[in-house]
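Undergrad: Give the three-dimensional model of this entry:
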Amino acid sequence: MQTVPDIAECITQNLNQYFQDLDGQTACGVYDMVLFQVEKPLLQRIMQECDGNQCKAALMLGLNRNTLRKKLIQHGLLS
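TA: Numbers count the residues shown, from 1 in each chain. Take a look at the predicted model:
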């Protein structure tokens with residue numbers, strides 16, 4: 001059986017690659033960049049799990065429904 005790396009491991013590998021690709025250039029806004037990149041697939045998966053029900057998704061995420069809507073719009077997941 002193949003073991004699946006945990007999320008933290010995947011993020012660490014990607015951050016290592018990101019800094020390697022910078023090739024000595026100074027990084028900027030890494031915190032916001034990482035959160036934005038992680039947030040979209042998280043929202044997509046939760047919305048899928050909740051069959052598009054925003055109230056249920058907000059509860060699952062521990063967010064206010066309005067906050068969830070704002071994030072869905074920011075990521076182009078809701079018009």
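Undergrad: Tell me how many other residues surround residue 57.
TA: When counting by other C-beta atoms under 10 Å, one arrives at 22 neighbours for residue 57. Bear in mind the C-beta positions are built from the backbone N, C-alpha and C, glycine included.
Undergrad: scratch that, residue 68
TA: 21.
Undergrad: Give me the distance between the closest residue to it other than its chain neighbours and residue 70.
TA: Using C-beta to C-beta, 6 or more residues apart in numbering and skipping the chain neighbours, the partner closest in space to residue 68 is residue 58 (4.3 Å). Going from residue 58 to residue 70 by C-beta to C-beta, to the nearest Å gives 11 Å.
Undergrad: These two - which one has more neighbours?
TA: When residue 58 and residue 70 are compared on other C-beta under 10 Å, the one with more neighbours turns out to be residue 58, at 19 against 13.
Undergrad: tell me the contacts of the more buried one?
TA: Shown in contact with residue 58 (C-beta atoms under 8 Å, 6 or more residues apart in numbering): 64, 65, 67, 68.
Undergrad: which parts of whichever strand or helix holds residue 56 are buried?
TA: Secondary structure assigned from DSSP states H and E places residue 56 in helix 54-61. Neighbour counts using 16 or more other C-beta atoms under 10 Å place 54, 57, 58, 61 of helix 54-61 among the buried residues.
Undergrad: isn't residue 15 right up against residue 34?
TA: Yes: counting by C-beta atoms under 8 Å, residue 15 sits close enough to residue 34 to count as a contact (7.3 Å).
Undergrad: Go ahead and measure how far the least confident helix or strand in the chain by mean pLDDT is from the middle of the chain.
TA: For the chain, using mean pLDDT, DSSP states H and E, the weakest element among its helices and strands is helix 7-22, scoring a mean of 94. Remark: helix 7-22 is offset 15 Å from the chain centroid, using C-alpha atoms, centre = their mean, to the nearest Å.
Undergrad: what do you get for stretch 68-79?
TA: Averaged over its C-alpha atoms, stretch 68-79 has a centre that lies 13 Å from its chain's centre (C-alpha atoms, centre = their mean).
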